[in-house]
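In: dropping the sequence and predicted coords here.
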Amino acid sequence: MKRFFNINILLTVFLLIFYGAAFGLSEAYKGNIYNPGILKPIDSILKVKVGDPAPDFILPSISGEKISLGQFAGKKNVVISFVPAAWTPVCSDQWPGYNIAKGFFDKNDAVLLGITVDNIPTLHAWTQQMGKLWFSVLSDFWPHGAVAARYGVLRSDGVSERALFVIDKAGIIQFIHIEDINVRPKLEELVMELEKVNKK
């Protein structure tokens, strides 16, 4: 069982590296990407910890509906992916990679919520260029960065950290990872944490 799981992780990572990165930075797309250069790796103070109830929120999505964290209580594990900004290199590479990993979310009874501080029109245009994403993309634009601030991942320049939160069906935070903003989080670590939460 463990060997099978590891093979699946390696296969996903392989696909993510060789297909996800190429997709995110395709010729038709990369000309629209703004490169902010190297940024301070982490620039916020976390306000929650593992074992805390996850702060609830309601945010607009690019699909036109409002999504709340609470609507998944008792039904699904939730992964929140905060990314700093649309139209930037690492963000434009990270989110398409989750399309390749959708099977792992399904297997572990989990949904993914992608959140940025960008407004809906910006997120709509960006995701249209990226291609269809299977998960909900939410705008934390107004009040600006309020959800990121509640979690303690709003940076001093007004964008969020590159952060992952795994929340169980009871609404309790089970895993937090604040990545260097210049680096894409490792997919295999997230998959392993989802496996742990789903076995509880």
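Out: Yep, that arrived.

In: partners of the residue nearest the centre of the chain in the sheet?
Out: In the chain, the residue lying closest to the centroid (CA atoms, centre = their mean) is S81, at 2.0 Å. Beta-bridge partners for S81, by DSSP bridges, are G114, L164.

In: do a quick rundown of the strands in this structure.
Out: 58-60, 66-68, 77-82, 110-116, 136-139, 162-167, 173-179 (DSSP state E).

In: mean pLDDT and distance to A148 added to those, as TSV?
Out: C-beta: built from backbone N, CA, C; applies to glycine. Below are the strands of the chain laid out as TSV (pLDDT from 0 to 100; distance: least, CB to CB, whole Å):
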stretch	mean pLDDT	distance to A148
strand 58-60	98	11
strand 66-68	98	15
strand 77-82	98	6
strand 110-116	98	7
strand 136-139	98	11
strand 162-167	98	8
strand 173-179	98	12
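
In: what's the closest of those to D93?
Out: Counting by CB to CB, D93 lies closest to strand 162-167 out of the strands of the chain; the figure is 11.3 Å.

In: if we can go back for a sec, any chance of the strands of the chain in CSV, plus distance to V191?
Out: Below are the strands of the chain laid out as CSV (distance: least, CB to CB, whole Å):
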stretch, distance to V191
strand 58-60, 25
strand 66-68, 23
strand 77-82, 10
strand 110-116, 10
strand 136-139, 20
strand 162-167, 11
strand 173-179, 11
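
In: wait, which of these is closest to W95?
Out: Of those, nearest to W95 by CB to CB is strand 110-116, at 5.9 Å.

In: the closest one packs against which elements?
Out: Applying 3 or more CB pairs under 8 Å, 6 or more residues apart in numbering; DSSP states H and E, one finds that strand 110-116 contacts strand 77-82, helix 89-100, strand 136-139, helix 187-199.
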